[in-house]
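Asker: Structure of the sequence below:
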Amino acid sequence: MMKTKSKRIEARVKPDTLVLVQRAAELQGSSVSEFVVSAAEKEARRALEEASTIRLSVEDQRRFVELLLNPPEPRPALARARAAHEALIGPV
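Answerer: Numbering: from 1, shown residues only. Next comes the predicted model:
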């Protein structure tokens with residue numbers, strides 16, 4: 001089994017922040033490094049999930065569903081793009 005090599009991250013923090021993190025890590029029974037890495041991973045996952053989530057108002061949700069159920073007729077530019085695609089790639 002291959003072992004993945006870990007990387008180092010360094011950060012400068014204010015003394016009161018370090019005390020806070022040390023206390024929290026101690027309460028959880030982990031080292032400061034384990035605590036910081038765990039917190040950073042949780043926050044990174046949350047940030048990525050939030051960035052990939054689209055939030056719509058109720059009215060926008062209704063409009064979205066309406067357009068899915070009853071799409072408008074394609075505009076001429078879309079018809080031209082489809083014809084160009086089919087000429088280049090083949091039928092869809």
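Asker: what residues does the helix or strand of the chain with the lowest mean pLDDT touch?
Answerer: None of the helices or strands of the chain scores lower by mean pLDDT, DSSP states H and E than helix 76-88, at a mean of 94. Residues outside helix 76-88 that contact it (C-beta atoms under 8 Å, 6 or more residues apart in numbering): P74, V92. C-beta here means a position set from N, CA and C on the backbone, and glycine is covered the same way.
Asker: Tell me how far that helix lies from the chain's centre.
Answerer: Relative to its chain's centre, helix 76-88 lies at 33 Å (C-alpha atoms, centre = their mean, to the nearest Å).
Asker: For whichever strand or helix holds K42, the averaged confidence score.
Answerer: Using DSSP states H and E, K42 maps to helix 32-51. The average pLDDT within helix 32-51 is 97.
Asker: if you average pLDDT over the helix or strand following it, what comes out?
Answerer: With elements assigned by DSSP H and E, the helix or strand that comes after helix 32-51 is helix 58-69. Mean pLDDT, computed over helix 58-69, is 97.
Asker: Residues contacting helix 58-69, please?
Answerer: L56.
Asker: mind listing what's buried in it?
Answerer: Across helix 58-69, burial judged by 16 or more other C-beta atoms under 10 Å covers no residue at all.
Asker: what about that helix, distance to the chain center?
Answerer: With C-alpha atoms, centre = their mean, you get 24 Å for helix 58-69.
Asker: Would you map out the domains in the chain?
Answerer: Domain assignment for the chain by automatic domain parsing gives 15-51, 58-88.
Asker: Buried ones in the helix holding K42, by neighbour count?
Answerer: Buried residues in helix 32-51 (16+ other C-beta under 10 Å): F35, V36.
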